[in-house]
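A.B. asks: below: sequence and its predicted model.
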Amino acid sequence: EAQVTQNPRYLITVTGKKLTVTCSQNMNHEYMSWYRQDPGLGLRQIYYSMNVEVTDKGDVPEGYKVSRKEKRNFPLILESPSPNQTSLYFCASSLGGADSPLHFGNGTRLTVT
Amino acid sequence: GESVGLHLPTLSVQEGDNSIINCAYSNSASDYFIWYKQESGKGPQFIIDIRSNMDKRQGQRVTVLLNKTVKHLSLQIAATQPGDSAVYFCAESADAGNMLTFGGGTRLMVKP
């Protein structure tokens, strides 16, 4: 089944403790992206990658890192999480280019205390 | 389930009726538009898209209308079913879909 898989689905951590949220897609998609979703603010893009070893900042990149060493994986790294990074995170992928809609994972609910 | 938004605009319709969800976009340079459906506890799911050189596109039970003059997008759902209950987001892009800007969402509630 074609899908975007995120892990974990739920994560509770403390301020300053480094964490990684993994994302993997099995559709051979060139483009991958991370979003956070917050009440009243909607979906906002954190980082995106148009291909292996190519990453770019989205609208809200501060406090996050990503890497794209392989086509299928696009982990989101929080080196020193803070409470304002408590949010619902979505990874997404697409073929890239025109007329290629994003396919989303089922989300990771992160709580930073 | 996951809370996707507090105080979202809500559209309540009777099962079997048609639904129309509206979206105003801001960037006149946007040339690609998408509608997503998000159910509780899940990620947004692609419904239908449209490019700016079109003003209407139809899918299965859904139709998207684009009015570039007033920067307005709408999603019409025919014969709305309980399974259509979800939050619906429009998204726009001026970069062939690579950088999507999402609207705030509308909650559709279908009454049996």
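C.D. replies: Thanks, I have it. Residues are numbered from 1 along each chain as shown, chains lettered A, B, ... in the order given.

A.B. asks: so B:Val110 makes contact with B:Val13?
C.D. replies: Yes - when contacts are counted by C-beta atoms under 8 Å, B:Val110 is listed as touching B:Val13 (5.9 Å). Where you see a C-beta, it was placed from the backbone N, CA and C, and this is true even at glycine.

A.B. asks: of the two, which one has the most company?
C.D. replies: Taking other C-beta atoms under 10 Å in any protein chain shown, B:Val110 and B:Val13 do not tie; B:Val110 has more neighbours (20 against 17).

A.B. asks: tell me, how many neighbours does A:Ile12 end up with?
C.D. replies: By the criterion of other C-beta under 10 Å, A:Ile12 has 11 neighbours.

A.B. asks: quick check, pLDDT for it.
C.D. replies: Looking at A:Ile12, its pLDDT is 97.

A.B. asks: any idea how far A:Pro83 is from it?
C.D. replies: Distance, A:Ile12 to A:Pro83, by C-beta to C-beta, to the nearest Å: 12 Å.

A.B. asks: quick one on the thing from earlier: what do B:Val110 and B:Val13 both touch?
C.D. replies: Common neighbours of B:Val110 and B:Val13, using C-beta atoms under 8 Å, 6 or more residues apart in numbering or on different chains, are B:Ser19, B:Thr80.

A.B. asks: can you check which residues contact both of A:Ile12 and A:Pro83?
C.D. replies: A:Thr113.

A.B. asks: anything in the helix or strand of chain B with the lowest mean pLDDT near chain A?
C.D. replies: Lowest mean confidence among the helices and strands of chain B (mean pLDDT, DSSP states H and E): strand B:101-102, at a mean of 88. Yes - against chain A, strand B:101-102 shows contacts by C-beta under 8 Å from any C-beta of the partner chain at B:Phe102.

A.B. asks: what helices and strands are in contact with that strand?
C.D. replies: On a contact count with 3 or more C-beta pairs under 8 Å, 6 or more residues apart in numbering or on different chains; DSSP states H and E, strand B:101-102 meets strand A:42-51, strand B:86-93.
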